[in-house]
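In: structural data only, the sequence is not supplied:
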């Protein structure tokens, strides 16, 4: 490990340690999270998902950031994406059990609220499949476009106020990798099972766990990408 690694991980320990050693800090977080879930979604994804991308970049390039990475604009973009993910999780976790009941699975809504059983796992899996099949491809494509836009603005805050050239970025996107790897592999092999676990957790932990999955995915994508 190099000095920058000690500084990076030391900063993370200082940042998160109070939540583990102080009951008052943890209780304050829990209370605010219950009362202002959408705001906390912004901060959870802004911090944790950006950390995941920084770790992934470190694995790929040996650096936690570079001149085109743009930590601040990425954090802000991830924050708003996190709010969208929170919205999607609420919509699909409420709507999918209703659809399952319409399709013939009596008590799907109650199974999701009850104790762990194979019916609850089936409902959670159905929610995950629905959300990641319908919502995730659009989300992932837009995220890829925002990454490219930030890079084109050299990681500057200017990227947040500059118009995104959607047509050009959409047409120049590496659709071969986007379809054959991001959609065809990460969605069924990672996101379907990962978010099944997410929807089995208590409601107040689901968004936090989803944000933590962003850290894990950043590392997995880096390990799966050949180093230049």
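Out: All right, it came through fine. These numbers were taken from a predicted model, which means no experiment stands behind them. Numbers count the residues shown, from 1 in each chain.

In: going forward, measure contacts between C-alpha atoms and count neighbours the same way
Out: Noted.

In: can I see the domain layout of the protein?
Out: By the assignment in automatic domain parsing, the chain contains the domains 1-35, 40-224.

In: out of those domains, deepest packed?
Out: Most buried of the domains of the chain, by mean neighbour count (mean count of other Cα atoms under 10 Å): domain 40-224, with a mean of 18.

In: for the strand or helix carrying residue 109, packing partners?
Out: For residue 109, the host element (DSSP states H and E) is helix 108-113. Judged by 3 or more Cα pairs under 8 Å, 6 or more residues apart in numbering; DSSP states H and E, helix 108-113 is in contact with helix 71-103, helix 118-134.

In: related to what we said a few turns ago, could you export the domains of the chain as CSV, including mean pLDDT?
Out: Converted to CSV, these look like this (pLDDT from 0 to 100):
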stretch, mean pLDDT
domain 1-35, 88
domain 40-224, 92
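
In: would you format the helices and strands packed on helix 108-113 as a markdown table with distance to residue 172 included?
Out: Output for those, formatted as a markdown table (distance: least, Cα to Cα, whole Å):
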| stretch | distance to residue 172 |
| --- | --- |
| helix 71-103 | 21 |
| helix 118-134 | 23 |
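
In: what about the helices in the chain?
Out: In the chain, the helices defined using DSSP state H lie at 3-21, 23-35, 37-61, 71-103, 108-113, 118-134, 136-152, 166-172, 175-177, 192-200, 203-224.

In: contacts only, for residue 55.
Out: Residues near residue 55 by Cα atoms under 8 Å, 6 or more residues apart in numbering: 64, 215, 218-219.

In: between those residues, which sits nearest residue 165?
Out: Proximity of the contacts of residue 55 to residue 165 (Cα to Cα) peaks at residue 218, which lies at 25.4 Å.

In: can you pull the contacts of the closest one?
Out: 49, 52-56.

In: returning to that earlier point: any chance of the contacts of residue 55 in JSON lines, plus distance to residue 77?
Out: Compiled in JSON lines, the contacts of residue 55 are given as follows (distance: Cα to Cα, whole Å):
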{"residue": "64", "distance to residue 77": "18"}
{"residue": "215", "distance to residue 77": "16"}
{"residue": "218", "distance to residue 77": "16"}
{"residue": "219", "distance to residue 77": "19"}
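
In: just the closest of those residues to residue 187, please.
Out: Closest to residue 187, out of all of the contacts of residue 55 and judged by Cα to Cα, is residue 218, at 14.0 Å.

In: where's that closest one relative to residue 105, distance?
Out: 36 Å (Cα to Cα, to the nearest Å).

In: check residue 126 too.
Out: For residue 126, the distance to residue 105 - Cα to Cα - is 12 Å.

In: please apply the same query to residue 21.
Out: 44 Å.

In: check residue 187 too.
Out: Taking Cα to Cα, one finds residue 187 at 25 Å from residue 105.

In: go on, residue 54?
Out: 43 Å.

In: also residue 167?
Out: Distance, residue 167 to residue 105, using Cα to Cα: 43 Å.

In: these two touch, right, residue 70 and residue 152?
Out: No. Counting by Cα atoms under 8 Å, residue 70 does not reach residue 152; the two are 10.3 Å apart.

In: which one of the helices and strands packed on helix 108-113 lies closest to residue 192?
Out: The nearest among these, by Cα to Cα, is helix 118-134 at 5.5 Å.

In: any residues touching the closest one, and which ones?
Out: With Cα under 8 Å, 6+ apart as the criterion, helix 118-134 contacts 88-89, 92-93, 96-97, 100, 108, 111-114, 187, 191-193, 195-197, 199-200.

In: what about 10 Å?
Out: Helix 118-134 has contacts (Cα atoms under 10 Å, 6 or more residues apart in numbering) with 85, 88-89, 91-97, 99-100, 105, 107-114, 135-139, 183, 187-188, 191-201.
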